[in-house]
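S.K.: here's my sequence, what's the structure:
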Amino acid sequence: MSYHSRGKLNQLQQLPDGALVDAAWLEGHGYSSSLRHQYVKAGWLHQPAARVYRRGNGPLTWQHAIISLQNFLDLDLTIGGRTALEELGYGHYLGRTRKVHLYGPSKPPSWLAALPLDVSFQWHNSLRLFPADPESAAPPQPAGEPASMLPGGFMATAGKLQWGMRLSSAERALFQLLDELPGQESFHQVDKLVEGLANLSPRKLQVQLATCRSVKVKRLFFFFADRHRHSWLERIDRDQVDLGQGKRVLVKGGKLDPTYLITVPGDLDGLS
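M.R.: So this is what the prediction gives:
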């Protein structure tokens, strides 16, 4: 092996074990197709899918993939909605699924779906729900440090690598989850979730209400909040929130809530 090849190999080993990068990233860092082929043949790189390379051959998790997209490929993607709430410890209210919800202004690379994982990925255009508040915030917090808040309603938690994973805060994730009603989520499960969200930040909730463009989501937020009357609700300024005009039919054949003019399941009252 040439001195140049050995130097490039040493540089590659600066990536954490388990990190994923694609062919474009390697090409941009000076790793030609022939050099990549040489590294794969020698076992220094592994290919879990076409044009995707990985250091190490241990078990591959979806967290490896997302941490790599966020930290090494610099993609503006955030774990959000149901998945963020699961990662933050609220999964027992919702029940686990094998779907990972990603939020960002652009779709993830197509190779993400080709990875040999037991989950599927669902991308959501983050600018549709929060158009004035792009997902990019700040670099994730390194693992080994406590979870910390980032600007814009995001937080970082320790990841499976030496880098952190950026995900929506519980306040932001709740709004993203409400956006999935009624088609993709259950009113009854969301009701149980909100019942357990006694420690949300009213300041952060006010920010979500100010930047969220969906009248449906904001009305649903207050509908569920009124049902459970957590102390943070008293500190939210409703007068600053635009709830729009007119009725919203969310559930065909449902009951019309007279306060927020949305139709909800008729059997919801006996569940809280």
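S.K.: find me the pLDDT at the spatially most central residue of the chain, would you?
M.R.: Residue closest to the mean C-alpha point of the chain, counted by CA atoms, centre = their mean, is Ile79 at 1.4 Å. We have a pLDDT of 96 for Ile79.
S.K.: identify the bridge partners of the nearest residue to it once chain neighbours are set aside.
M.R.: Leaving aside its sequence neighbours, Ile79 sits nearest to Leu167 (CB to CB, 6 or more residues apart in numbering; 3.8 Å). C-beta here means a position set from N, CA and C on the backbone, and glycine is covered the same way. Beta-bridge pairing of Leu167 under DSSP bridges involves Ile79, Met155.
S.K.: tally of neighbours for Leu167?
M.R.: Leu167: 29 surrounding residues under other CB atoms under 10 Å.
S.K.: for Lys252, same thing?
M.R.: Lys252, neighbours per other CB under 10 Å, totals 7.
S.K.: phi first, then psi, for the closest residue to it other than its chain neighbours.
M.R.: Nearest residue to Lys252, sequence neighbours excluded (CB to CB, 6+ apart): Thr263, at 7.6 Å. Phi and psi for Thr263, reported as degrees, to the nearest 10, are phi -90, psi 130.
S.K.: check contacts around the residue nearest to Ala23 when sequence neighbours are not counted.
M.R.: Once flanking residues are discounted, Ala23 sits nearest to Arg51: 4.2 Å by CB to CB, 6+ apart. Residues near Arg51 by CB atoms under 8 Å, 6 or more residues apart in numbering: 22-23, 111.
S.K.: need these in JSON lines (columns: neighbour count, pLDDT and secondary structure).
M.R.: Below are the contacts of Arg51 laid out as JSON lines (neighbours: other CB atoms under 10 Å; pLDDT from 0 to 100; DSSP: H, G, I helix; E, B strand; the rest coil):
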{"residue": "Asp22", "neighbour count": "20", "pLDDT": "95", "secondary structure": "strand"}
{"residue": "Ala23", "neighbour count": "16", "pLDDT": "96", "secondary structure": "helix"}
{"residue": "Trp111", "neighbour count": "16", "pLDDT": "96", "secondary structure": "helix"}
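S.K.: any idea which of these is the one closest to Leu197?
M.R.: When those are ranked by distance to Leu197 (CB to CB), Trp111 comes first, at 35.8 Å.
S.K.: doesn't Ala23 make contact with that closest one?
M.R.: No. Using CB atoms under 8 Å, Trp111 is not in contact with Ala23, being 9.2 Å away.
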